[in-house]
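Trainee: this one's structure only:
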C-alpha cells in the first residue's frame, strides 16, 4: 500500500542517490520525499578539513537532488528538534535515515528514534554504510572477531546485496519547507587559505566517485597488489574520500571488484580485502568503542609514551620538518591534498609513536583535523595498528625504518621530490603548494635549509625497543 503523506529523509554520511536503501524505501511509500541535512553538534565538532569537505559534499548532493526534481533542505540545530519541526511543518508521518556506527551517532540516533516513535512517527534506519552489519558477523563462540584474517575468511564468500538504482525522480511536496543557505554555515572557515590549495585535489560528489571507481577498475586494479605500496605511482583507488561521506557505497565498490576478479584482473582480490579491512575497523568500533579514545589493549596504558602535543619533536612532525624525507613528504602531501598515501600513513604513524615515543592519540587528533577522507573507525584502527596497542596490530618491536622504506618504495624519489622543496633548484609545484597551505605563523620557506633529523633513525629505533623491553606490563 502507498501513503500520500510525506517522508523525511535525513541525510548524514550517505551523500548519494544510488544504492541508497533509505531513499528507495521513502520513494516507494508513494508520498513526497523531503530530504534534509542537519548541521548539528556532531558535524559542528568535526576537524577543519573533514568539516570543509562535508560542506562541499552537501552542496554537491543538493545539486544532484535538484536534477531529480527534488531539493535538499538545510537546517541547523539539535537533530531531534529539527526533525520534529519538519514533521509539524510538512505533515510527514515517517523519518528514514542510513545507519552510522560511532558511539556519538548511535546515542543521538537512538534518542531520535525513541522520541519520534513516541510521537507516533515511523522512524526507521537502514543499512548502506557497511556491507555487513556488525551484529551479523560472529566467531564460532559468538563474540566479535579481533583478528582480520579469520574475519575475512568469514565474510569473503557472503552474499553482498546488489546495489540499488537511483530513482529517476523523487516525489516532491507541493510546498517546500524553509531552508538555510549553505554558505551561511561557513563550514570551511577553519581551513583558511588551505581550502584553495586542497580544492583541486577533491573529487566531489556521486558522479565523480563513480568515475573514479570506473577508472580504477579499467586501468589500475590489474596491478593494484604491487602498486598500492608505491606512493609515487597512481596505484590506488583513492575512493576513501568518497566512501567516508557515502558518495559511493561499499556495495558498489565490492561488486565492481567482484566483476574485475571474474575477468581475471590480478589485483581484484587485494582490493576486496581492503574493503573488508574497512568493515573490520567498523565492526571493532561497534563492539569495542574504546578503540576511538583509549588503548584497545588495556595493558598498553602503562606504556611510557610522551603526551605533550606541543613538544618540539611533535611540532617538527606536524610541520613536515623531521629531517626524515619519507615522513616529511607524507605530511606535506596531507596539507596539499587533504589525503595521504597509505604507505605514508604507516610510516608517519610509526615514526611518531615509536621513534618519537609519542602517544598515538596525538597523531589521531591531527589526522582528524587534516584529512578530507577522515573516517572515525579507519583512523582509530590505523593509528592503534601502527602503535602496537590495537587489535591485530603490528608488533611494537617492528619499527619501520623510514630510510630503507623510502629506498624500497620510492627508489627513484618521485614521491619525496614531489613534496619536498628545500634544497632543490626547481621544486615541484606541489612541493611549493605546501607553503601556501600551511599556517602562516609556521614561518617556513622553500628557501630554508632542509633540517637534520630531529631523532636519527637508528637512535629512535634503539629508544623505542628499549622502552618496549623495559615496559611495565
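Mentor: Good, I have the coordinates. A quick note: this is a predicted structure, and the numbers were derived from the prediction, not measured. Numbering: from 1, shown residues only.
Trainee: Could you chop this structure up by domain?
Mentor: 1-127, 130-160+204-287, 298-469 (automatic domain parsing).
Trainee: Which one of the ones you listed lies nearest to residue 171?
Mentor: Closest to residue 171 of those, according to CB to CB: domain 1-127, at 4.9 Å. The way it works is simple: take the backbone N, C-alpha and C, and place the C-beta from them, glycine included.
Trainee: how about CSV for the domains of the chain, with distance to residue 176 added?
Mentor: Shown next, in CSV, are the domains of the chain (distance: least, CB to CB, whole Å):
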stretch, distance to residue 176
domain 1-127, 6
domain 130-160+204-287, 22
domain 298-469, 31
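Trainee: what about those domains, which gets the closest to residue 170?
Mentor: domain 1-127 (4.0 Å).
Trainee: How many residues are close by residue 422?
Mentor: 16 (other CB atoms under 10 Å).
Trainee: What of residue 352?
Mentor: 27.
Trainee: Identify the residues contacting it.
Mentor: Going by CB atoms under 8 Å, 6 or more residues apart in numbering, residue 352 touches 314, 317, 358, 360, 362, 363.
Trainee: one step back: will you turn the domains of the chain into TSV that also has distance to residue 170 and mean pLDDT?
Mentor: Formatted as TSV, the domains of the chain follow (distance: least, CB to CB, whole Å; pLDDT from 0 to 100):
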stretch	distance to residue 170	mean pLDDT
domain 1-127	4	96
domain 130-160+204-287	14	96
domain 298-469	28	93
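Trainee: Any idea which of those gets closest to residue 180?
Mentor: Of the domains of the chain, nearest to residue 180 by CB to CB is domain 1-127, at 4.2 Å.
Trainee: What are the boundaries of the strands in this structure?
Mentor: 7-11, 33-39, 72-76, 94-98, 122-126 (DSSP state E).
Trainee: any chance of those strands in a markdown table, plus mean neighbour count and distance to residue 88?
Mentor: Output for the strands of the chain, formatted as a markdown table (neighbours: other CB atoms under 10 Å; distance: least, CB to CB, whole Å):
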| stretch | mean neighbour count | distance to residue 88 |
| --- | --- | --- |
| strand 7-11 | 26 | 11 |
| strand 33-39 | 24 | 13 |
| strand 72-76 | 20 | 13 |
| strand 94-98 | 23 | 12 |
| strand 122-126 | 17 | 15 |
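Trainee: Same list (the ones you listed) but as JSON lines, adding distance to residue 104.
Mentor: Below are the strands of the chain laid out as JSON lines (distance: least, CB to CB, whole Å):
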{"stretch": "strand 7-11", "distance to residue 104": "16"}
{"stretch": "strand 33-39", "distance to residue 104": "14"}
{"stretch": "strand 72-76", "distance to residue 104": "18"}
{"stretch": "strand 94-98", "distance to residue 104": "15"}
{"stretch": "strand 122-126", "distance to residue 104": "15"}
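Trainee: now for these, which one comes closest to residue 20?
Mentor: strand 94-98 (7.2 Å).
Trainee: got a list of contacts for that closest one?
Mentor: So strand 94-98 is contacted by 3, 5, 7-14, 20-23, 25-26, 29, 83, 87, 109, 112, 116, 121-129, 246 (CB under 8 Å, 6+ apart).
Trainee: I'd like to check the angle between it and strand 33-39, please.
Mentor: Strand 94-98 runs at 60 degrees relative to strand 33-39, counting by axes from the mean of the first three to the mean of the last three CA atoms, to 10 degrees.
Trainee: chain center to strand 94-98: distance?
Mentor: 23 Å (CA atoms, centre = their mean, to the nearest Å).
Trainee: next one: stretch 123-133
Mentor: So, by CA atoms, centre = their mean, the centroid of stretch 123-133 is 18 Å from its chain's centroid.
Trainee: what residues does that stretch touch?
Mentor: By CB under 8 Å, 6+ apart, the surrounding residues in contact with stretch 123-133 are 13-14, 19-22, 25, 94-101, 109, 112-113, 116-117, 155, 158, 160-161, 246, 249-251, 254, 275, 279, 282-283.
Trainee: For the stretch 351-473 of the chain, which segments are assigned as helices?
Mentor: 360-370, 376-387, 402-409, 414-419, 429-437, 457-469 (DSSP state H, counting those that start in this stretch).
Trainee: Mind putting those helices into a markdown table with distance to residue 190 and mean neighbour count?
Mentor: Shown next, in a markdown table, are these (distance: least, CB to CB, whole Å; neighbours: other CB atoms under 10 Å):
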| stretch | distance to residue 190 | mean neighbour count |
| --- | --- | --- |
| helix 360-370 | 8 | 21 |
| helix 376-387 | 18 | 25 |
| helix 402-409 | 30 | 17 |
| helix 414-419 | 23 | 20 |
| helix 429-437 | 13 | 18 |
| helix 457-469 | 32 | 15 |
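Trainee: quick one, which of the ones you listed is nearest to residue 221?
Mentor: Counting by CB to CB, residue 221 lies closest to helix 402-409 out of the helices of the stretch 351-473 of the chain; the figure is 19.4 Å.
Trainee: Can you spell out which helices and strands pack onto the closest one?
Mentor: The contact analysis (3 or more CB pairs under 8 Å, 6 or more residues apart in numbering; DSSP states H and E) places helix 402-409 against helix 325-337, helix 342-350.
Trainee: quick one, the shortest one and helix 360-370 angle?
Mentor: With the same axes, to 10 degrees as the basis, helix 342-350 and helix 360-370 are set at 140 degrees to each other.
Trainee: still on that earlier bit, and of the helices of the stretch 351-473 of the chain, who's closest to residue 327?
Mentor: Among those, helix 402-409 sits nearest to residue 327 (CB to CB), with 5.6 Å.
Trainee: how distant is that closest one from the center of its chain?
Mentor: Remark: helix 402-409 is offset 26 Å from the chain centroid, using CA atoms, centre = their mean.
Trainee: quick one on the thing from earlier: how about the helices of the stretch 351-473 of the chain in a markdown table, adding distance to residue 53?
Mentor: Below are those laid out as a markdown table (distance: least, CB to CB, whole Å):
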| stretch | distance to residue 53 |
| --- | --- |
| helix 360-370 | 11 |
| helix 376-387 | 14 |
| helix 402-409 | 27 |
| helix 414-419 | 21 |
| helix 429-437 | 15 |
| helix 457-469 | 33 |
